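Visitor: Mind looking at a prediction? Sequence and model below.
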Amino acid sequence: MNDSTQLEAITFMNRKYGWLERTIMTRKIRLAIAGLGNCASAVIQGIHYYKDAADDETVPGLMHVRFGPYHVSDIEIVAVFEVNSRKIGKDVADAIKEAPNCVQTFAEVPKTGVIVQPGPIGDGVASHMRESFFCYDETKTKPVDVAQVLRDVKADVLVNFLPVGSEDATKVYAQAALDAGVAFANGIPSFIVSDKEWAEKFTKAGIPCAGDDIKSQLGATILHRVLMQLMKDRGIAVDQTFQLNIGGNTDFENMKREERLTTKRISKTEAVTSVLDYDIPVRIGPSDYVPFLADEKVCYINAEGRNFGDQPIHLNLKLSVQDSPNSAGVMIDVIRALAIAQDRGIAGPLITMSSYAFKHPPEQVPDFLARENIEKYIRGELER
């Protein structure tokens, strides 16, 4: 039995009998990344941190060590695109340590043999961020042809970790994924997977995609959503709510300019208010850049409402986390879900994975139901 026939047989048995496929690894997932910032560093570190974890082990941040047929260690970095002159030309293992990256080191990454390549700049670098990003000189360095590189390295999945506000640059990478026949995971709030035209492009091309704007394992958005859902389910009339976030990484420095975070505010706001069936005054989004916080993110959530007898209820909550690792495990699950979609010939947006893992998916689904749907997807009971 050749590899293709074996894979078809495994997939059939999995879908018919609900097998978890724990004992057979079908292939490596060849991963390309656009933007080697803190989030990408956390993903790469995480792959090595859990590479020897047992299949049945429960580890923080991952739905499963073996997600369907794929172990964490089955993800292999094959290409990285960057605009930072300090990272370009270096092995990925060295480049993730370069400024302005400030994510904490929780795993030592060995040399990968993969050299960081110059990606297109476009609007991927705001005018106030060129110095912070050590942006390369376009008169001396030329960006690579992203689609051709993806073909050359035989990439399976491209993850977009560009800075928030990179509307045009995100479209360049999304188109490159389409041209190269590579699955696309959009980690930022530039709307691709949730946009009907782009979704149709991926569907027609026979390529799976997931997005937009990655959720954290336990971050401000998911926590705020759960609180709103709880208040609604317990009969509380929510009158207003706000969420203020501060941090010290380049994500917050980038979002100092309001024009860079328009879609970010939309993404976070819709993720929270979608659980309510009435409109309320709301303000959600990044609030300030505090450099000495580094990769720590501090979130303040306030909600006001009324309970029995229209008596007032006030809720104030503070959450503090290391920002980048908080979403890395979620993205690792997304990557493996896309690989499963490729194995099964599924095209277009992955509704189940997107609803669970992203703030602005094509369809908003209650979080606990979304989790159940992913388990069904893994077993082959749901197509997408």
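Guide: Looks like it came in fine.
Visitor: Give me the distance between Asn316 and Thr241.
Guide: As judged by Cβ to Cβ, to the nearest Å, Asn316 and Thr241 stand 11 Å apart. Bear in mind the C-beta positions are built from the backbone N, C-alpha and C, glycine included.
Visitor: These two - which one has more neighbours?
Guide: Each of Asn316 and Thr241 has its neighbours counted (other Cβ atoms under 10 Å); Thr241 has more, 23 against 9.
Visitor: re earlier: return every residue with contacts to both of Asn316 and Thr241.
Guide: Common neighbours of Asn316 and Thr241, using Cβ atoms under 8 Å, 6 or more residues apart in numbering, are 301-302.
Visitor: Count the neighbours of Glu138 for me.
Guide: A count of neighbours around Glu138, defined by other Cβ under 10 Å, yields 12.
Visitor: separation between the closest residue in space to it that isn't next to it in sequence and Gly348?
Guide: Excluding its sequence neighbours, the residue lying closest to Glu138 (Cβ to Cβ, 6 or more residues apart in numbering) is Ile121, at 6.7 Å. Going from Ile121 to Gly348 by Cβ to Cβ gives 29 Å.
Visitor: right, and Leu244 touches Lys297 too?
Guide: No. Using Cβ atoms under 8 Å as the test, Leu244 is too far from Lys297 to be in contact (11.2 Å).
Visitor: now the strands for the stretch 151-300 of the chain?
Guide: Using DSSP state E, counting those that start in this stretch, the strands of the stretch 151-300 of the chain run over 157-160, 183-186, 208-210, 237-247, 282-289, 296-307.
Visitor: on contacts alone, who are the packing partners of the fifth one?
Guide: This means strand 282-289. With contacts taken as 3 or more Cβ pairs under 8 Å, 6 or more residues apart in numbering; DSSP states H and E, strand 282-289 sits against strand 237-247, helix 250-254, helix 262-273.
Visitor: contacts for that strand?
Guide: 224, 240-248, 251-253, 255-256, 261, 264-265, 268-269, 272-273.
Visitor: Now with 7 Å, please.
Guide: Here strand 282-289 makes contact (Cβ atoms under 7 Å, 6 or more residues apart in numbering) with 240-246, 248, 252-253, 255-256, 261, 264-265, 268-269, 272-273.
Visitor: How about the longest one?
Guide: Strand 296-307 has contacts (Cβ under 7 Å, 6+ apart) with 220, 223-224, 227, 231, 236-248, 312-323.
Visitor: same question, the fourth one
Guide: Among residues not part of strand 237-247, those counted as contacts by Cβ under 7 Å, 6+ apart are 220, 224, 228, 231-232, 252, 276, 280-288, 290, 293, 296-306, 323.
Visitor: can you redo the strands of the stretch 151-300 of the chain as TSV with distance to Tyr50 and mean pLDDT?
Guide: Converted to TSV, those look like this (distance: least, Cβ to Cβ, whole Å; pLDDT from 0 to 100):
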stretch	distance to Tyr50	mean pLDDT
strand 157-160	17	98
strand 183-186	19	98
strand 208-210	21	98
strand 237-247	25	96
strand 282-289	30	90
strand 296-307	23	97
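Visitor: Would you tell me which of those gets closest to Asp94?
Guide: Asp94 lies closest, by Cβ to Cβ, to one member of the strands of the stretch 151-300 of the chain: strand 157-160, at 19.9 Å.
Visitor: Adjacent strands (with direction) for the closest one?
Guide: Strand pairing for strand 157-160, determined by DSSP bridges: strand 29-34 (parallel), strand 183-186 (parallel).
Visitor: Give me the buried positions along the shortest one.
Guide: If I follow you right, that is strand 183-186. Residues of strand 183-186 classed as buried by neighbour count (16 or more other Cβ atoms under 10 Å): 183-186.
Visitor: which regions of the protein lie under the pLDDT threshold?
Guide: 1-26 (pLDDT under 70).
Visitor: Which parts of it are helices?
Guide: For the chain, applying DSSP state H gives helices covering 3-17, 38-49, 92-95, 146-152, 167-180, 196-205, 220-233, 250-254, 262-273, 325-344, 351-357, 367-379.
Visitor: neighbour count winner among Leu244 and Lys297?
Guide: Neighbours of Leu244 and Lys297, each counted by other Cβ under 10 Å, are more numerous for Lys297; the result is 24 against 16.
Visitor: where does the more buried one sit relative to Cys39, distance-wise?
Guide: Distance of Lys297 to Cys39, computed by Cβ to Cβ: 12 Å.
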